[in-house]
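Undergrad: no FASTA, just this:
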């Protein structure tokens, strides 16, 4: 039982405990006898946990006003408020100074790419006691009221989703396994019984009754029921515009409070009522996850980051929430500290402005930065250089080189860099805009190219398809897969090519795209008339001789003959490559469907030969022959660099532009398709890459089927690429056999 004597002892032993610090015996004695226990109940958590810095919890929405002479002192101390205290709620960003035009809080302007964004508020219903003083029946009754509100949301296509209840034997009850799944996914809150402060405050009582979570269909709108407040309402998204989550939350709150019986408790002076005085007012926490590798010593020590953030009115947490550690790459959770006497619009604006200043401090800590008058793009790139050190565009960007260029070349260089500074998480981030960029901007491009391809010393690409010049192949150069223990296998060899007469895809106008397709259509018509090729051309450009409808297009996509709409790819969008869709896009398919040419994808042309068979030479030799026929067509000369070989939009494909691949089964190395990490590690030592059967970022087949290809493109001959595939598959198959028949046997040194 809490007594005034206990509180006095805490005040002496723990002077930073605000509950005890501001407790006034004279005020306490002035209360009616029947109200004294109510005040002591508010003080219970601080009395039983002297190390608490707050120690005070309201037990009903009216406590802040009824016990105002005491609560007000604690509130002012914590929130640092002197003078008048009148909280005002306002979400209107147009009334906040110092924001970008239109109030758009664009994170790319701060040098950030896709970022984990979250805005949440605490709310309590005016008709119920606060969580610390609820009976089990109160908790269940509140959940029932909220369930009715959630059912209306679930029925609304704009929200959808479902409700998960921890209360036993209800319509929405879930078991422990599902609960843990939701906790692990950071959707549901943890059992509060481990928190001594909440235990003493009575907030964690009657677990799990009255606890649950509503989750919208897209998982971007979540409402916790029965945590520290009746409701924790939050919107979250991974993206680059803070307005997305801020505006959505405001809209969701209006919908929530419009439900019958869901009026939120509010104090005339303190704003929205919360159990803990720390969250009073807006009840809002707006946060981002950002990387601060220098200020956090790569996640090992956040003290400098916290000190810097504090001067900006920001708080720093680990990526898992309060009292967790920073990520190994320096990722931390940043949010403004203020809640009371600050408008909602000012909180999210403070986050945006604070992140900008914090990123500048991070850049300064790394020894970089730009002058105040340098272009915004350079400031963004400087920030990415620090926050995303693996972004090669930013890593090798040099302000001195940029400043040495004439104005038109500066503009061109920034256009090449656009994808990287709008998508900070890119590993490359650089695209050429014309076939000559690699040579005209060579001092910069060369550093990026060497870094990605791992090349030191001389860099002079040589193209050669002659297998007789490659050592270690079977006699006669026949790449027979049956000799490796394989039967009929899906084989594919493709190259990227661009025509020298056109800008590269990132800098093409719609008319450029249409003109290039027209030129290629003329070439394809000659192929279609040749019995050795035949086939057809399918165009996505509207109203042409070869135009197809959406149904036919989807049929070709499903058959893996045509490429998908690129507008979903943020990297290609920023690079300008996906612009003007569907103009200038199409596919030529030979009669036997073994020779295919994509038009208007990442490069002007993706030219490929494919076959299910047992001899790799069949697709390799056919592709060489087809390329000769293609380039012999009028106006189809391919762009080539003296040093870098065949020109491609992305420096990753320079040189040969070739990818040679096979589909093979590795059930043991992929754990029957469930985990490809061992297969990838093994393949990497052999210079091979592993993809899912549907291409990059797809999963392995259930039988362990994966797509294998050599990683190298530049400073490797075409003949060496297909030979590397053959030799690598042989070694990879050997490692698969070891995993199958002797799983505990150590792998050979080469794998």
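TA: Arrived safely, thanks for sending. Nothing here was measured: the structure is a model prediction, and the numbers come from that model.
Undergrad: all strands for the stretch 601-750 of the chain, in order.
TA: Secondary structure of the stretch 601-750 of the chain (DSSP state E, counting those that start in this stretch): strands at 605-613, 640-641, 645-646, 658-665, 688-691, 705-710.
Undergrad: could I get these as CSV with mean pLDDT and mean neighbour count?
TA: Using the backbone N, CA and C atoms, a C-beta is placed for each residue, glycine as well. Shown next, in CSV, are the strands of the stretch 601-750 of the chain (pLDDT from 0 to 100; neighbours: other C-beta atoms under 10 Å):
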stretch, mean pLDDT, mean neighbour count
strand 605-613, 96, 20
strand 640-641, 96, 18
strand 645-646, 96, 24
strand 658-665, 93, 22
strand 688-691, 90, 21
strand 705-710, 92, 22
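Undergrad: nearest to residue 244, of those strands?
TA: strand 688-691 (31.6 Å; C-beta to C-beta).
Undergrad: Pull up the pairing partners for the closest one, direction included.
TA: Using DSSP bridges, the strands paired with strand 688-691 are strand 705-710 (antiparallel).
Undergrad: Can you list the low-confidence ranges for the stretch 251-400 of the chain?
TA: 320-323, 366-373 (pLDDT under 70).
Undergrad: need the strands for it, in chain order.
TA: With DSSP E, counting those that start in this stretch as the definition, the stretch 251-400 of the chain shows strands at residue ranges 266-267, 271-272, 284-291, 314-317, 331-336.
Undergrad: out of the strands of the stretch 601-750 of the chain, nearest to residue 346?
TA: Closest approach to residue 346 among those (C-beta to C-beta): strand 688-691, 47.4 Å.
Undergrad: mind checking how far the nearest residue to residue 273 once chain neighbours are set aside is from residue 229?
TA: What sits nearest to residue 273 in space, not counting adjacent residues and going by C-beta to C-beta, 6 or more residues apart in numbering, is residue 265, at 4.1 Å. According to C-beta to C-beta, to the nearest Å, residue 265 and residue 229 sit 10 Å apart.
Undergrad: More neighbours: the two, which one.
TA: For residue 265 versus residue 229, the count of surrounding residues by other C-beta atoms under 10 Å is larger for residue 229: 25 against 21.
Undergrad: Which pLDDT does the model give that one?
TA: For residue 229, the pLDDT comes out at 97.
Undergrad: What sits closest to it if chain neighbours are left out?
TA: Nearest to residue 229 is residue 122, by C-beta to C-beta, 6+ apart, at 4.0 Å.
Undergrad: Name the SS class of that neighbour, please.
TA: When classified by DSSP: H, G, I helix; E, B strand; the rest coil, residue 122 comes out as strand.
Undergrad: from memory it sits against residue 228, does it?
TA: Yes - between residue 122 and residue 228 there is a contact at 7.0 Å, judged by C-beta atoms under 8 Å.
Undergrad: which residues do those two both contact?
TA: By C-beta atoms under 8 Å, 6 or more residues apart in numbering, residue 122 and residue 228 have these common neighbours: 274, 275.
Undergrad: okay, those two: which has more neighbours?
TA: residue 122 (27 against 24).
Undergrad: Identify all residues paired with the more buried one through a beta bridge.
TA: Beta-bridge partners of residue 122, as defined by DSSP bridges: residue 232.
Undergrad: Can you read off the pLDDT for it?
TA: 97.
Undergrad: List the contacts of it.
TA: Contacts of residue 122 by C-beta under 8 Å, 6+ apart are 228, 229, 231, 232, 233, 272, 274, 275, 279, 283.
Undergrad: who's in contact with the last one?
TA: What that stands for is residue 283. 121, 122, 123, 229, 271, 272, 274, 339 are the contacts of residue 283 under C-beta under 8 Å, 6+ apart.
Undergrad: let's go with 7 Å and repeat that
TA: Shown in contact with residue 283 (C-beta atoms under 7 Å, 6 or more residues apart in numbering): 121, 122, 123, 272, 274, 339.
Undergrad: quick one: which of the strands of the stretch 601-750 of the chain is nearest residue 260?
TA: strand 688-691 (52.7 Å).
Undergrad: Name the nearest residue to residue 492, ignoring sequence neighbours.
TA: Counting by C-beta to C-beta, 6+ apart, the nearest residue to residue 492 once its immediate chain neighbours are dropped is residue 610, at 4.2 Å.
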